[in-house]
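Asker: Requesting a structural model of the entry that follows:
(one chain, ligands or ions: 2)
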Amino acid sequence: MATERTLSIIKPDATRRNLTGKINAKFEEAGLRIVAQKRIQLTMDQAGKFYEVHKDRPFYGELCEFMASAPVVAQVLEGEGAIAKNREVMGATNPADAADGTIRKDFALSMGENSVHGSDAPDTAAQEIAFFFSGLELVG
Ligand code: ADP
Ligand code: MG
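Answerer: Ligands and ions are numbered 1, 2, ... in the order given. Sure thing, here's the model as predicted:
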């Protein structure tokens with residue numbers, strides 16, 4: 001399997017509870033390298049653009065408000081099959097369904113406040129990385 005990069009976001013519920021280091025440890029233990037990382041606070045407009053794919057879903061407004069409610073940590077994870085591996089480390093969207101040892105099982109509060117975002121395919125990974133990071137910020 002090829003080396004890939006994927007976009008991860010540590011969400012406001014997790015930054016509020018000071019869980020950045022614990023979540024990053026899970027990525028590193030799984031063999032994912034954090035090759036870019038920044039803590040920022042999204043505006044409603046930026047959150048809305050990032051999650052535009054969900055704009056017709058009933059939870060869209062609530063999701064954008066949540067994502068803009070406190071700082072997030074945007075990061076690029078790199079490794080063999082990083083996109084699928086990160087989804088595995090994250091666990092299911094609903095923490096009630098997440099496997100033992102996953103980030104969402106251990107830390108998520110609810111379906112909405114579920115601690116992490118991860119890209120779901122190569123095309124979305126490339127788009128989402130470019131949303132947060134310039135080429136100059138990706139040093140490997
Ligand atoms: P994932 O983050 O696992 O890829 P989705 O792309 O389906 O999940 O949804 C994006 C985000 O929207 C979820 O991580 C979660 O924060 C929120 N979300 C999804 N479904 C719901 C729901 N039914 N109620 C509230 N929030 C939701
Ligand atoms: Mg998704």
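
Asker: Could you list the residues of the protein in contact with ligand 1?
Answerer: Taking C-beta under 6 Å from any ligand atom as the criterion, the chain approaches ligand 1 at residues 54, 59, 63, 93, 111-112, 114, 117, 120. (Each C-beta comes from the backbone N, C-alpha and C, glycine too.)

Asker: Go through those residues and give me the one with the most neighbours.
Answerer: Neighbour tally across the residues of the chain next to ligand 1 (other C-beta atoms under 10 Å): the maximum, 23 neighbours, falls on residue 114.

Asker: If we ignore the residues flanking it in sequence, what's nearest that one?
Answerer: Excluding its sequence neighbours, the residue lying closest to residue 114 (C-beta to C-beta, 6 or more residues apart in numbering) is residue 108, at 4.0 Å.

Asker: Is that neighbour in contact with residue 97, as I believe?
Answerer: No: between residue 108 and residue 97 there is no contact, the gap being 10.5 Å when judged by C-beta atoms under 8 Å.

Asker: who's more crowded, the two?
Answerer: Summary of the neighbour comparison: residue 108 and residue 97, criterion other C-beta under 10 Å, with residue 108 having more neighbours (25 against 12).

Asker: Which pLDDT does the model give that one?
Answerer: We note a pLDDT of 98 for residue 108 in this prediction.

Asker: what separates stretch 12-20 from the chain centre, distance-wise?
Answerer: Distance of stretch 12-20 from its chain centroid, counting by C-alpha atoms, centre = their mean, to the nearest Å, is 12 Å.

Asker: residues making contact with that stretch?
Answerer: By C-beta atoms under 8 Å, 6 or more residues apart in numbering, the list of residues contacting stretch 12-20 from outside reads 10, 23, 39, 66-67, 69-73, 107-109, 113-116.

Asker: 7 Å - rerun?
Answerer: For stretch 12-20, contacts defined as C-beta atoms under 7 Å, 6 or more residues apart in numbering pick out 10, 23, 66-67, 69-73, 107, 109, 113, 115-116.

Asker: and those, which two are the farthest apart?
Answerer: 23 and 69 (17.8 Å; C-beta to C-beta).
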